[in-house]
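*Asks:* Quick one, structure for this:
(chains A and B)
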Amino acid sequence: MHVTSRWRFAGYTLIYVVFAWVCLFTLARDDGLGLGRKPWENFKRTAAEMARPSFVDVWFGATRLEYRNDEGQVLRVENRREVEVRFLHGLAAAVWTTLRIATLGTLLAGLLALPLGLLTASNLAAPKWLSIPAKFVLDACRSIHTLVFGLLLVGIVGLGPTAGILAIAAHSMGSFGKLYAEAIESLDMAAVDCVRAAGARPLQVFFLGVWPAVLPQFISTHFYIWEYNIRDSTVLGLVGAGGLGLLVSEAISLFQWSRLATILLVIVAMVMAFDHISRAVRSRLL
Amino acid sequence: MSAEPNVIRLQGMGVRVHGADLLADIDLVVKPQERIAIIGANGAGKTTLVKTLTAMMRPTSGALQVLGEDLARENRPDRLRALRSRIGQVFQGLHLVGRLSVHENVLIGALGRCESLLTLGRYFPAEERDRAQAALEAVGMGHAAKLRVDRLSGGERQKVAVARALNQDPQLILADEPTANLDPVAAEEVADLLARIATEKQVTLITVAHTLKLLPNLAKRVIGMRAGRIVFDAPIGDIDDNQLQQLYRGAPA
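*Replies:* From the prediction side, this is the model:
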């Protein structure tokens, strides 16, 4: 028994190694693994520009930056400090938009997934003609990326946060439904039985036996997906669905690496802060 | 219904699930304030028997009456709830709502008589709150009322379960291996508690047990079960080692 399982493990490992090698080999044969024309120089230049994020200009930027044409004539004078302060204001507004999109999208997803999660929980034994379609909807939602939903919805409801909120809701609904169902499936039936055994009515059994057991799990799930969506919604702007992504795509298309560096730092700080809050709340719940 | 003087009356009761007899030919009459222990090896049908008494399982043959209610056929849900509220239950392991407080768990015992929608939000009348507190004091857990139940030790949890049963103001207490997961000291405390409450409140007490050590306190009459059947039913003084041997490892009955 032990020997066969060890051989089986070796077999699976071999299959995996062969598969990885096939991926590598076929991509290399199709010329898909090139590094471009001067990767090292490009990397150094990008890294150098990103090493000085644009926000330091708020304190150290030139107060009279002169733009001249080829004849040396001054076209425009700019106070870099003021420009950067204006950019940071815009960035703060975008962070706020992203947070709002993620929050409302997650809330909407959590509510929409509730009936679907109840239908798919195997121990609640919902009728098959309801549970199978519900499971299909959840699986479909989970397998289509938020960005794809975003592209579709921008075409339907137009540019802006509405598309972002709906895109997040559509994708997260799948994750919520699955996690809800798992929470209900792992329910402590002993607790439910002891409430029933005391002669409680069905609603009392639900609110005193089932609800206290699943509510913390549901809230924990909500924070987990909320946190995930704050990360996810930073790219939604790329497809015109509002928020930070818009600034990211702008900085990239204008080759403003120092501004991109500022934006990324803000995203990292925001996600870390929310991670921290979310983890603290979730650990306190369980 | 008031004419029925017995707490429990079983006649030729059987439970058959997927072609297997979990219980067969059970005859049992329990009078008010009797104290009975049901003993037997794992799988002998002790827990199944206890479950039929609260209609958590239904007999497939024979007659079954508990506190005057006929449980051999479907009952109206309100009658069934009324019956269950008159039977206090203490199970092995954690049969409490882990995330609720000790006090709230004892209040669950009051659900049978509190029908207000406010109970759904765990709001109970002041007199019920006091009554639950009194039940906790009676089992020596008054100090822990505000703690969450899953923070307690096994023995403390079982005392809370006894308080919940007590708060139901039951006519019958069913204790299914109430001391199974407890250390010897806690086991003795819980057994003493059950015996004391049965005496003070004049409650009929049925205990399912593995260890005979705690029995003299809990039971005056012992029912031995084996393979879904009752093999002996005698006063505790009349049970000898031979009968016990037969119960746990003797030849098939």
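*Asks:* near chain B, which residues of the stretch 101-250 of chain A?
*Replies:* Applying C-beta under 8 Å from any C-beta of the partner chain, we find that the stretch 101-250 of chain A lies next to chain B at A:188, A:190-191, A:193-201, A:203-204, A:207-209, A:212-213, A:216. The way it works is simple: take the backbone N, C-alpha and C, and place the C-beta from them, glycine included.
*Asks:* Contacts for the host helix or strand of residue A:40, please.
*Replies:* Here residue A:40 sits within helix A:39-50, counting by DSSP states H and E. Residues from elsewhere that reach helix A:39-50, judged by C-beta atoms under 8 Å, 6 or more residues apart in numbering or on different chains: A:36, A:257, A:258, A:260, A:261.
*Asks:* and these, which are buried?
*Replies:* Neighbour-count burial (16 or more other C-beta atoms under 10 Å in any protein chain shown) is assigned, among the contacts of helix A:39-50, to A:257, A:258, A:260, A:261.
*Asks:* Sitting in helices, which of the residues you listed do you find?
*Replies:* Counting by DSSP state H, the buried ones among the contacts of helix A:39-50 place A:257, A:258, A:260, A:261 in helices.
*Asks:* quick one, what contacts residue B:177?
*Replies:* Applying C-beta under 8 Å, 6+ apart, we find residue B:177 in contact with B:91, B:92, B:208, B:209, B:210.
*Asks:* try it again with 6 Å
*Replies:* B:92, B:208 (C-beta atoms under 6 Å, 6 or more residues apart in numbering or on different chains).
*Asks:* I'd like the distance between it and residue B:190.
*Replies:* 11 Å (C-beta to C-beta, to the nearest Å).
*Asks:* related to what we said a few turns ago, and the buried ones among the contacts of helix A:39-50, which two are the farthest apart?
*Replies:* Spatially, the most separated pair among the buried ones among the contacts of helix A:39-50 is A:258 and A:260, at 7.2 Å (C-beta to C-beta).
*Asks:* Give me the phi and psi for the residue positioned nearest the centre of chain A.
*Replies:* Geometric centre of chain A, nearest residue: residue A:232, 2.4 Å, by C-alpha atoms, centre = their mean. Per-residue torsions, residue A:232: phi -70, psi -40 (degrees, to the nearest 10).
*Asks:* Hmm, residue A:146 and it touching each other?
*Replies:* Yes: Residue A:232 is in contact with residue A:146 according to C-beta atoms under 6 Å; the separation is 5.1 Å.
*Asks:* Ignoring the adjacent residues along the chain, who's closest to residue B:30?
*Replies:* Closest residue to residue B:30 apart from its sequence neighbours, by C-beta to C-beta, 6 or more residues apart in numbering or on different chains: residue B:8 at 4.0 Å.
*Asks:* Distance check, the residue in chain A sticking out farthest from the centre against residue B:26.
*Replies:* Outermost residue of chain A with respect to the C-alpha centroid, by C-alpha atoms, centre = their mean, is residue A:71; its distance is 49.6 Å. Distance of residue A:71 to residue B:26, given as C-beta to C-beta: 110 Å.
*Asks:* now swap in residue B:99 and tell me
*Replies:* From residue B:99 to residue B:26 the distance is 38 Å (C-beta to C-beta).
*Asks:* Of the two, which one has the most company?
*Replies:* Per other C-beta atoms under 10 Å in any protein chain shown, whichever of residue B:99 and residue B:26 has more neighbours is residue B:26, with 24 against 19.
*Asks:* For residue A:178, grab the count of nearby residues.
*Replies:* Residue A:178 has 20 nearby residues by other C-beta under 10 Å.
*Asks:* May I ask you to confirm that it belongs to a strand?
*Replies:* No: counting by DSSP: H, G, I helix; E, B strand; the rest coil, residue A:178 falls outside a strand, being helix.
*Asks:* With residue A:92 as the reference, measure out to it.
*Replies:* Distance, residue A:178 to residue A:92, using C-beta to C-beta: 35 Å.
*Asks:* Does the residue of the stretch 51-200 of chain A found nearest chain B lie in a helix or a strand, and which?
*Replies:* Relative to chain B, the nearest point of the stretch 51-200 of chain A is residue A:199 (2.9 Å; C-beta to the nearest C-beta). Applying DSSP H and E as the criterion places residue A:199 outside every helix and strand.
*Asks:* List the residues that contact it.
*Replies:* Going by C-beta under 6 Å, 6+ apart, residue A:199 touches B:81, B:84, B:85, B:112.
*Asks:* sorry, back to before: just how off-centre is the helix holding residue A:40 within its chain?
*Replies:* 28 Å (C-alpha atoms, centre = their mean, to the nearest Å).
*Asks:* For it, list the C-alpha coordinates in CSV.
*Replies:* Only the C-alpha atoms of helix A:39-50 are listed here, as CSV (Å, rounded to 0.1, in the frame of the first residue of the first chain):
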residue,chain,number,x,y,z
PRO,A,39,15.6,44.3,-22.0
TRP,A,40,18.3,45.2,-19.6
GLU,A,41,18.5,48.9,-20.6
ASN,A,42,14.8,49.2,-20.7
PHE,A,43,14.6,47.7,-17.2
LYS,A,44,17.2,50.1,-15.9
ARG,A,45,15.5,53.1,-17.3
THR,A,46,12.1,52.1,-16.0
ALA,A,47,13.4,51.3,-12.6
ALA,A,48,15.4,54.5,-12.4
GLU,A,49,12.3,56.6,-13.3
MET,A,50,10.1,54.6,-10.9
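*Asks:* which residues touch the very next helix or strand once past it?
*Replies:* Helices and strands here follow DSSP H and E; after helix A:39-50, the next one along the chain is helix A:57-60. For helix A:57-60, contacts defined as C-beta under 6 Å, 6+ apart pick out A:80, A:81, A:84, A:85.
*Asks:* Next, work out how far apart the nearest residue in space to the first one that is not next to it in sequence and residue A:84 are.
*Replies:* Here the nearest residue to residue A:80 in space, its sequence neighbours aside, is residue A:61; by C-beta to C-beta, 6+ apart that works out to 3.0 Å. Taking C-beta to C-beta as the criterion, residue A:61 is separated from residue A:84 by 6 Å.
*Asks:* Equivalent analysis for residue B:130, please.
*Replies:* Distance, residue B:130 to residue A:84, using C-beta to C-beta: 66 Å.
*Asks:* higher neighbour count, the two?
*Replies:* Between residue B:130 and residue A:84, counting by other C-beta under 10 Å, residue A:84 is the more crowded of the two (22 against 11).
*Asks:* Okay, that one and residue A:256: tell me how far apart.
*Replies:* In terms of C-beta to C-beta, residue A:84 sits 12 Å off from residue A:256.
*Asks:* Equivalent analysis for residue B:233, please.
*Replies:* Applying C-beta to C-beta, the value for residue B:233 to residue A:256 is 90 Å.
*Asks:* repeat for residue B:17
*Replies:* From residue B:17 to residue A:256 the distance is 73 Å (C-beta to C-beta).
*Asks:* can you check residue A:144 too?
*Replies:* Plainly put, residue A:144 is 32 Å away from residue A:256 if you go by C-beta to C-beta.
*Asks:* Next: residue A:245.
*Replies:* Residue A:245 sits 15 Å away from residue A:256, going by C-beta to C-beta.
*Asks:* Looking at the two, which one has more neighbours?
*Replies:* A direct count of neighbours by other C-beta under 10 Å for residue A:245 and residue A:256 places residue A:245 higher, at 26 against 17.
*Asks:* Residues contacting the helix or strand where the more buried one lies, please?
*Replies:* For residue A:245, the element it lies in under DSSP H and E is helix A:244-253. Contact with helix A:244-253 is made by A:94, A:98, A:234, A:235, A:236, A:237, A:238, A:259, A:260, A:263, as judged by C-beta under 6 Å, 6+ apart.
*Asks:* List the buried residues in it.
*Replies:* A:244, A:245, A:246, A:247, A:248, A:249, A:251.
*Asks:* Tell me which other helices or strands the helix or strand harbouring residue A:218 touches.
*Replies:* Residue A:218 is part of helix A:211-236, with elements assigned from DSSP H and E. On a contact count with 3 or more C-beta pairs under 6 Å, 6 or more residues apart in numbering or on different chains; DSSP states H and E, helix A:211-236 meets helix A:80-120, helix A:161-185, helix A:244-253, helix A:257-285.
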